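Engineer: need a 3D model of the following:
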Amino acid sequence: MKLYLECASGISGDMTVAALLDLGADEGVLRQALASLPVEGYQVEVSRVSKAGLDACDFAVLLDAAHENHDHDMEYLHGHSHDHEQEHDHEHGHHEEHGHSHGHDHPHDQNHPHAHEHRSLPDILQILEAGALTPGAKALAERIFTILAQAEAQAHGVALEQVHFHEVGAVDSIVDIVAAAVCLDNLGITEVVVPVLNEGGGFVRCQHGKLPVPVPATLNIAAQHGLNLHILPVEGELVTPTGAAIVAAVKTEDALPERFRVLKTGYGAGKRRYSIPSLLRAMLIEPI
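Structural biologist: This is a model prediction of the structure:
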C-alpha cells in the first residue's frame, strides 16, 4: 500500500497517528499494543475536531500531573501571546508531539519530583521488547527512536549510548512513536511518498533558552536522511523532531507518481495554534 503524506503545515507524532487512524488504522489494535507496554502515567483519547472547518481526527496523549509539559502552551513556547486564529483544537494543556515528541526539555513544578523519566535509547528498546508488538511495528518503532536519538546525540555532542533526554524518554513521545509504528504496520504501508516538509521560523523555548526553528534535532534528521524542507513565512515550529524522525524512517520516494488514484484521505489535527491550520493530510494512493 502506498501512502502520501502531504506536510503542508508540518508534521508531528500526534498528527501522524491521527491521520493514520482517520485512514482506517484499527484503534482497537493500537490500544492493545499501547496497553502492553510497561509505561504508565497517561491515557489516550481519540476524537473528532474541526480545523478551518474541516473534520479531522485528533489523537491526544493525556498525561497525569507528574508527566505534563508545555508543548501546547503557545505563550510558553514562544515567550509571548499569539493573536493567530483560534481553532477548535481540544487543547488539553499537555503535550503536543506530544510530538512529539517535540524534542524540547521543559522545566517542571518542583511539587512533581517524579516528572519526566530521562530514559536512554537502550531503556526505550527494552520497553519495546517487553510490549506485545508485531515484528513489523517493533522494528519500525526501533528505527524511529534510533533516528531521533542519533539526531539528539549530534545536537548535544555526546555518544548515542550516553543520551539521556526527555525528548525520547518522555511518556508522550514513547506513545506517539509506538502508535505511529503500530498504525503504519496495521495499514500494511510499504511505500511512503513525502515530497517536502513545510517548516516555520523564529524561535521556540526549551529548557536552556530559545532554539531557532527548525530546531537542531530536526535539521540533523533532515540532513542525515535527505528530507526536503521548505520554510514558510510562519513563526513557529511546524515540523517536530518526532515528525521528522517518522518521515525519515518510512519515506521511500520524494515524488508523487505522474498519475494516481486517491483511495482514501485522512486528516490528522495538531494541537499548536499558528497562523495556518495545523493539519496533516494523508492519502492512500494507487499509481495508474
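Engineer: excluding its backbone neighbours, what's nearest residue 189?
Structural biologist: residue 3 (4.8 Å; CB to CB, 6 or more residues apart in numbering). All C-beta spots, glycine's among them, are computed from the backbone N, C-alpha and C.
Engineer: hang on, that neighbour packs against residue 193?
Structural biologist: Yes - contact between residue 3 and residue 193 holds when scored by CB atoms under 8 Å: they sit 7.1 Å apart.
Engineer: neighbour count winner among these two?
Structural biologist: residue 3 (24 against 19; other CB atoms under 10 Å).
Engineer: which residues does the more buried one contact?
Structural biologist: 23, 184, 187, 189, 191, 192, 193, 250, 282, 283, 284, 285 (CB atoms under 8 Å, 6 or more residues apart in numbering).
Engineer: need the CA coordinates for the strand or helix carrying residue 247. PDB is fine.
Structural biologist: Counting by DSSP states H and E, the element that carries residue 247 is helix 241-250. Extracted as PDB, the C-alpha positions of helix 241-250 are listed here (Å, rounded to 0.1, in the frame of the first residue of the first chain):
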ATOM      1  CA  PRO A 241      11.800  16.100  15.700                       C
ATOM      2  CA  THR A 242       9.500  13.200  16.200                       C
ATOM      3  CA  GLY A 243       7.600  14.100  13.000                       C
ATOM      4  CA  ALA A 244      10.900  14.400  11.100                       C
ATOM      5  CA  ALA A 245      12.100  11.100  12.500                       C
ATOM      6  CA  ILE A 246       8.900   9.300  11.400                       C
ATOM      7  CA  VAL A 247       9.300  10.600   7.900                       C
ATOM      8  CA  ALA A 248      13.000   9.700   7.800                       C
ATOM      9  CA  ALA A 249      12.100   6.100   8.900                       C
ATOM     10  CA  VAL A 250       9.400   5.500   6.400                       C
END
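Engineer: who are the packing partners of that helix?
Structural biologist: helix 13-23, helix 135-156, helix 171-187, strand 197-201, helix 216-225 (3 or more CB pairs under 8 Å, 6 or more residues apart in numbering; DSSP states H and E).
Engineer: returning to that earlier point: between residue 3 and residue 193, which contacts overlap?
Structural biologist: residue 285.
Engineer: distance of the closest residue to residue 262 other than its chain neighbours from residue 3?
Structural biologist: Closest residue in space to residue 262, ignoring its immediate chain neighbours: residue 283 at 5.2 Å, by CB to CB, 6+ apart. Going from residue 283 to residue 3 by CB to CB, to the nearest Å gives 7 Å.
Engineer: residue 17 now?
Structural biologist: 13 Å.
Engineer: before we move on, what about residue 270?
Structural biologist: With CB to CB as the criterion, residue 270 and residue 3 are 18 Å apart.
Engineer: that older thread, so of the helices and strands packed on helix 241-250, which one's packed in deepest?
Structural biologist: Of these, the one with the most neighbours on average (mean count of other CB atoms under 10 Å) is helix 13-23, at a mean of 30.
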